[in-house]
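J.: Pasting the sequence and the predicted model now:
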Amino acid sequence: MRTLVLLLTLLVSAPAAAAQGDGAAVPGTSTRDPNGDPTAAPPVSIERIQRGLRQAPPAISQSDLKYFVQVYGQSPKIELFTKQDQLQRGPAPYGAPTHAEFRQLWTPQEFRAPVMDLNAFLMWLMQQVEKKKPEEAEPPR
C-alpha cells in the first residue's frame with residue numbers, strides 16, 4: 001500500500017516539479033516530446049522510484065498479518081423435534097415468563113411493594129388527627 005502511494009505521488013509530482021523548475025533537467029528524467037511521440041520516455045525518474053521503494057518500510061508488518069483457516073467437515077445434525085417432545089399430547093409444559101414473574105425476578109426485595117398497606121396506614125393516620133382536633137362548636141342558626 002505504501003509503495004503504491006509513493007509511486008502515485010512521484011508520478012503526480014514529477015511533472016509539476018519539472019514545470020516549476022528553472023528549465024534545468026533533473027538527472028534521470030526526460031521530458032515528453034512536445035509533438036506527442038508515444039514512444040518517448042515518461043516524465044518520471046525510474047531510478048528515484050526504485051530508490052524510494054528500497055528505502056520504504058515493508059508493506060506488511062507482524063501486526064497486520066491475518067490468518068484464515070478453512071475447515072472441511074460435516075456439521076452435526078440439528079434435530080428440532082426429538083422423541084422426548086410430546087407434541088401430540090398437549091402443549092409445552094411451560095411458556096414464557098409472565099410480567100409479574102419477570103418483575104419478581106429482577107426487582108430486589110428492598111424495592112418491591114411495601115410490607116404495610118399504605119392505604120390502611122393513611123386512614124389510621126387521618127383518624128388519629130381527627131381525634132386530636134378540638135371539637136369546634138357549630139355556629140347557631
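T.: Received the coordinates, thanks. This one's a predicted model, so the numbers in the text were calculated from it and none came from an experiment. Numbers count the residues shown, from 1 in each chain.

J.: could you point out which element follows the lowest-mean-pLDDT helix or strand in the chain?
T.: Taking mean pLDDT, DSSP states H and E as the measure, helix 2-20 is the helix or strand of the chain with the lowest mean score, a mean of 67. Using DSSP states H and E, the helix or strand that follows helix 2-20 towards the C-terminus is helix 46-55.

J.: quick one: average pLDDT of the helix or strand following that following helix?
T.: Counting by DSSP H and E, the element after helix 46-55 in chain order, helix or strand, is helix 99-106. Average pLDDT, helix 99-106: 89.

J.: Report the residue spans of the chain with pLDDT below the cut-off.
T.: Residues of the chain meeting the criterion pLDDT under 70: 1-2, 6-7, 14-36, 38, 56-62, 90-93, 114, 135-141.

J.: same thing but at 90, please
T.: The model of the chain has pLDDT under 90 over residues 1-98, 100-101, 103-104, 108-121, 132-141.

J.: Now do the buried residues in the helix or strand that contains Phe121.
T.: Using DSSP H and E, Phe121 sits in helix 118-132. Residues of helix 118-132 include none that count as buried (16 or more other Cβ atoms under 10 Å). Just so you know, the C-beta spots here come from the backbone N, C-alpha and C atoms, and that holds for glycine as well.

J.: try stretch 42-49
T.: Buried-residue list, stretch 42-49, by 16+ other Cβ under 10 Å: Pro43, Val44, Ser45, Ile49.

J.: out of those residues, who's nearest Glu79?
T.: Using Cβ to Cβ, Ile49 comes nearest to Glu79 of these, at 63.1 Å.
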